[in-house]
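Undergrad: build the 3D model from these lines:
(one chain, ligands or ions: 1)
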Amino acid sequence: MKEILGIDVGATGIKGAIVDLDKGELITERIKYPTPKPATPQSMTEVMKQLISDFNWKGKPVGVGFPAIIKEGVALSASNIDDTWLNFPIVGFLNKKLKCPLNVINDADAAGLAEKKFGGGSDKKGLVILLTLGTGIGSALFYNGVLLPNTELGHLKYKDSVTEKYASNSARELKDLSYKTWGKELNKVLNHIEFVLAPDHFIIGGGISKKFEKYKEYLDTDATIEPAKMLNNAGIVGAAMAYTLM
Ligand code: BGC
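TA: You can find the predicted model right below:
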């Protein structure tokens, strides 16, 4: 059995658990800390260090899902985290500070990989788009099961800004929108994405996937749509899977 510590780094919370990669399941409790403000490399790394100590995991394999574009070990965006992450060599820095063998990928790609393998997307053909609706909107695109990494559908231009400012869960909370009003906004964003990419299937992830029943009646995409089966654990399981992609 392959056991990896999965750390799902978000703009609001940083969560970790030991994951059984054969089953795609958490084999320990999930520990969550608030993301420090400002969310700098130093402050966020301290939280990851704490998780490694909580799980007594020093020197053992770690996979991280991180809310930015990650290419060749470097963070290439910083939307809801401190600007100092921009062009920051995240893998080298974490290796040095955490003293563990590790890998980092985009958080939504991580959630997508987990959902695709262990959740609801495994039997889907064609273009499958998983959207994580949280502080921002993350996206993972799979064509016939193959991931196209680092897509940023939360940053598609939309109205006077970008889609995540209207259809993320934080937009709903910030503007205190009813599920009906927010659901209709999400539907417009999904229709926009549908027009641009013509997906076959959408998967809605993030914490709000648990409340799918409350807004599904406002969604009328041509593509089929369902909530992520792994709910919020996809982020941690997918983070652990990132380690195997090294
Ligand atoms: C970031 C993405 C991330 C998403 C979800 C967006 O603001 O740009 O990289 O996947 O939030 O955390």
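Undergrad: can you list the residues that contact stretch 84-97?
TA: 39-41, 45, 48-49, 64, 66, 68, 70, 73-78, 101-104 (CB atoms under 8 Å, 6 or more residues apart in numbering). C-betas here are computed from N, CA, C, even on glycine.
Undergrad: kindly recompute the last result at 7 Å.
TA: 40-41, 45, 48-49, 64, 66, 68, 70, 73-78, 102-104 (CB atoms under 7 Å, 6 or more residues apart in numbering).
Undergrad: repeat for stretch 238-246
TA: Applying CB under 7 Å, 6+ apart, the set of residues contacting stretch 238-246 is 4-8, 19, 21, 61-65, 102-105, 110-114.
Undergrad: list the buried ones in the longest helix belonging to the chain?
TA: As assigned by DSSP state H, the longest helix anywhere in the chain is helix 179-197. For helix 179-197, the neighbour count (16 or more other CB atoms under 10 Å) marks 179, 182-187, 189-190, 192-193 as buried.
Undergrad: avg pLDDT for it?
TA: Taken as a whole, helix 179-197 has a mean pLDDT of 98.
Undergrad: helix or strand right after it?
TA: Using DSSP states H and E, the helix or strand that directly follows helix 179-197 along the chain is strand 201-205.
Undergrad: pull out the buried positions in the helix or strand following that following strand.
TA: As assigned by DSSP H and E, the chain's next helix or strand after strand 201-205 is helix 212-215. Buried residues in helix 212-215, counted by 16+ other CB under 10 Å: 212, 215.
Undergrad: next: stretch 47-57.
TA: Applying 16+ other CB under 10 Å to stretch 47-57 flags 47-49, 51-52, 55, 57 as buried.
Undergrad: Glu173: which of those residues is nearest?
TA: Nearest to Glu173 among these: Val47, at 22.4 Å, using CB to CB.
Undergrad: and Val19, how close does it get to Val189?
TA: In this view, Val19 and Val189 are 31 Å apart by CB to CB, to the nearest Å.
Undergrad: picking that back up, any of the contacts of stretch 84-97 buried? List them.
TA: 40-41, 45, 48-49, 64, 66, 68, 70, 74-78, 102-104.
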